[in-house]
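kindly generate the corresponding structure for this input.
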Amino acid sequence: MKTLQNYIDKLNSLNFKEMYNNDFFWTWDKTDEELEAVFTVADALRFMRENNISTKVFESGLGISIFRDNSTRTRFSFASACNLLGLEVQDLDEKKSQIAHGETVRETANMVSFMADVIGIRDDMYIGKGHAYQKEFMDAVTEGNKDGILEQRPTLVNLQCDVDHPTQCMADMLHIIHEFGGVENLKGKKLAMTWAYSPSYGKPLSVPQGVIGLMTRFGMDVVLAHPEGYDVMPEVEEIAKKNAEATGGSFTKTNDMAEAFKDADIVYPKSWAPFAAMEKRTNLYAEGDFDGIDKLEKELLAQNAEHKDWACTEELMKTTKDGKALYLHCLPADITGVSCETGEVDASVFDRYRIPLYKEASFKPYVIAAMIMLSKFEKPQDILKKLEVKAAPRIFE
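Numbers count the residues shown, from 1 in each chain. The predicted structure is shown next:
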């Protein structure tokens with residue numbers, strides 16, 4: 001049976017010192033041992049909560065959340081993570097701020113960060129903008145700290161940008177690790193990251209990109225499947241290829257959903273917008289061409305409708321490994337006959353995997369908390385040990 005000491009011993013064996021006072025932008029910025037440290041701390045925090053051991057590592061401080069796109073799971077996961085560690089949460093609602101009156105990013109970043117330990121930002125709507133905004137924001141707080149305005153520099157957790165969705169994909173990965181009984185059991189497993197039909201337009205690319213950028217690091221055979229024209233960023237595909245070569249796995253592409261599903265151990269059917277279309281959309285918004293945006297939206301919806309057969313059906317699931325592939329989704333899914341007339345997944349498939357899906361989502365608060373803890377404490381294993389010792393009288397009463 002696992003004990004907290006097991007997690008502490010694991011952390012003592014890993015090199016993650018560069019995470020201290022550093023940001024979490026993309027998973028491929030981090031080493032294998034740093035990613036393993038996130039998983040280890042996440043599991044340790046979950047163990048502590050389940051065993052009534054306090055996880056309050058902060059006596060005061062703020063976690064600032066900035067959501068420039070709608071969110072349910074990630075918004076509440078960030079708030080839960082901050083609360084788990086002892087931080088208060090303040091959400092920056094840009095509509096209620098002075099940004100509308102011309103306040104600059106530099107000024108906003110400094111004004112909200114006086115007591116902040118961590119900044120969580122979601123900005124995933126526009127290609128070339130989300131990651132750039134996160135960088136600009138963090139450059140501003142770095143400058144504010146150097147100038148003596150901020151007593152400390154808060155660190156960033158990327159809650160989704162235009163390139164990657166690290167908190168989601170790390171939660172997905174931790175779910176996979178638990179489902180398959182450890183990282184050592186993932187080598188050679190086939191994972192199908194496939195496009196699926198949605199009646200909506202403009203879903204971000206960051207989930208499929210995050211999946212292929214992360215899952216290829218574990219020796220798995222990762223397949224990216226989508227109809228012609230629904231490409232993701234080529235630079236992320238290159239990252240996936242290099243990861244696969246380094247780990248002995250593989251990264252392949254196909255325009256056939258059935259081929260991707262065949263004998264797959266894990267399937268991740270999820271809609272996204274074509275990279276080229278998202279670039280065009282970003283440019284149209286920059287030009288203020290709203291007629292052009294309306295026209296593009298109609299074109300993309302019509303293009304989507306040509307691929308309604310790209311859906312996770314009972315028939316396709318039967319072709320997976322022993323007919324029992326692990327079904328993943330970042331949620332909310334477009335469920336045929338439930339949330340829409342025709343969507344990404346059959347209602348019967350979704351309902352059968354509903355509990356595992358909710359468990360998959362439940363890892364996200366712990367992953368975010370782990371990212372925060374590793375960035376704010378040089379030796380989190382020592383902090384965990386102190387908390388265990390402090391709780392010991394209560395544990396054994």
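
hey, where'd the strands end up in the stretch 101-250 of the chain?
Using DSSP state E, counting those that start in this stretch, the strands of the stretch 101-250 of the chain run over 116-123, 155-161, 190-194, 221-225, 250-254.

what mean pLDDT does the third one have?
Just to be clear, that refers to strand 190-194. Strand 190-194 carries an average pLDDT of 98.

the longest one too?
Averaged across strand 116-123, the pLDDT comes to 98.

what distance do you get for Arg46 to His329?
Arg46 sits 21 Å away from His329, going by C-beta to C-beta, to the nearest Å. All C-beta spots, glycine's among them, are computed from the backbone N, C-alpha and C.

ok, back up a step: I'd like to know which of the strands of the stretch 101-250 of the chain is closest to Lys135.
Ranking the strands of the stretch 101-250 of the chain by proximity to Lys135 (C-beta to C-beta) places strand 155-161 first, at 9.0 Å.

now do the closest one: distance to the chain's middle.
Once both centres are worked out by C-alpha atoms, centre = their mean, to the nearest Å, strand 155-161 turns out to sit 9 Å from its chain's centre.

list the helices and strands that strand packs on?
Helices and strands touching strand 155-161, as assessed by 3 or more C-beta pairs under 8 Å, 6 or more residues apart in numbering; DSSP states H and E, comprise helix 73-85, strand 116-123, helix 130-146, helix 166-179, helix 364-376.

how big is the angle separating that strand from helix 73-85?
Taking axes from the mean of the first three to the mean of the last three C-alpha atoms, to 10 degrees, one finds that strand 155-161 is oriented at 160 degrees with respect to helix 73-85.

I figured Asp117 was touching Val157, is that so?
No. Proximity of Asp117 to Val157 does not meet the contact threshold set by C-beta atoms under 8 Å, at 10.8 Å.

need the overlap of contacts for these two.
Ile372 (C-beta atoms under 8 Å, 6 or more residues apart in numbering).

other SSEs contacting the worst-scoring helix or strand of the chain on mean pLDDT?
Lowest mean confidence among the helices and strands of the chain (mean pLDDT, DSSP states H and E): helix 380-395, at a mean of 82. Other helices and strands packing on helix 380-395, by 3+ C-beta pairs under 8 Å, 6+ apart, are helix 4-12, helix 32-50, helix 364-376.

before we move on, the earlier item: neighbour count: Asp117 and Val157, which is higher?
When neighbours are counted by other C-beta atoms under 10 Å, Asp117 and Val157 differ, and Val157 comes out ahead with 26 against 23.

the more buried one and Ile119 touch, don't they?
Yes. With contact defined as C-beta under 8 Å, Val157 reaches Ile119; the gap is 7.4 Å.

and stretch 301-313, how far apart are its ends?
End-to-end distance of stretch 301-313 (C-alpha to C-alpha, to the nearest Å): 21 Å.

that should have said stretch 23-43, apologies.
Terminal residues of stretch 23-43 are spaced 21 Å apart (C-alpha to C-alpha).

list the buried ones in it?
Neighbour counts over stretch 23-43 (16 or more other C-beta atoms under 10 Å) mark 23-28, 30, 34-43 as buried.

then stretch 141-161?
Buried-residue list, stretch 141-161, by 16+ other C-beta under 10 Å: 141, 144-145, 150, 153-161.

what of stretch 346-366?
346, 349-350, 353, 357, 360-366.

ok, residues contacting that stretch?
42-43, 45-46, 73-74, 76-78, 80-81, 84, 167-168, 170-172, 174-175, 179, 311-314, 317, 326-329, 331, 333, 335-338.

next one: stretch 78-87
Here stretch 78-87 makes contact (C-beta under 8 Å, 6+ apart) with 45, 49, 55-63, 65, 88-89, 117-118, 120, 157, 159, 365-366, 368-369, 372-373.

what's the answer for stretch 375-393, then?
Stretch 375-393 has contacts (C-beta under 8 Å, 6+ apart) with 4-5, 7-8, 11-12, 17, 19-24, 41, 44, 48, 52-55, 57-58, 117-118, 155, 157, 373-374.

what about 7 Å?
4, 7-8, 11-12, 19-22, 24, 41, 44, 48, 53-55, 57, 117, 155, 373-374 (C-beta atoms under 7 Å, 6 or more residues apart in numbering).

which one of the helices and strands packed on strand 155-161 lies closest to Glu299?
Here helix 130-146 is closest among the helices and strands packed on strand 155-161 (C-beta to C-beta), at 23.1 Å.

pull the CA atoms of the closest one into PDB?
Provided in PDB are the C-alpha atoms of helix 130-146 (Å, rounded to 0.1, in the frame of the first residue of the first chain):
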ATOM      1  CA  GLY A 130      -2.700  33.200 -26.700                       C
ATOM      2  CA  HIS A 131       0.900  32.200 -25.900                       C
ATOM      3  CA  ALA A 132       2.100  35.600 -26.900                       C
ATOM      4  CA  TYR A 133      -0.300  37.200 -24.300                       C
ATOM      5  CA  GLN A 134       0.900  34.900 -21.600                       C
ATOM      6  CA  LYS A 135       4.500  35.700 -22.300                       C
ATOM      7  CA  GLU A 136       3.800  39.500 -22.400                       C
ATOM      8  CA  PHE A 137       2.000  39.200 -19.100                       C
ATOM      9  CA  MET A 138       4.800  37.300 -17.400                       C
ATOM     10  CA  ASP A 139       7.500  39.600 -18.900                       C
ATOM     11  CA  ALA A 140       5.600  42.500 -17.200                       C
ATOM     12  CA  VAL A 141       5.600  40.900 -13.800                       C
ATOM     13  CA  THR A 142       9.300  39.900 -14.200                       C
ATOM     14  CA  GLU A 143      10.100  43.500 -14.900                       C
ATOM     15  CA  GLY A 144       7.900  44.600 -12.000                       C
ATOM     16  CA  ASN A 145       9.800  42.300  -9.600                       C
ATOM     17  CA  LYS A 146      13.200  43.600 -10.800                       C
END
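
before we move on, the earlier item: so can I have a markdown table of the buried residues of stretch 141-161 showing pLDDT?
Listed next are these as a markdown table, based on pLDDT from 0 to 100:
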| residue | pLDDT |
| --- | --- |
| Val141 | 98 |
| Gly144 | 98 |
| Asn145 | 97 |
| Leu150 | 97 |
| Arg153 | 97 |
| Pro154 | 98 |
| Thr155 | 98 |
| Leu156 | 98 |
| Val157 | 98 |
| Asn158 | 98 |
| Leu159 | 98 |
| Gln160 | 98 |
| Cys161 | 98 |
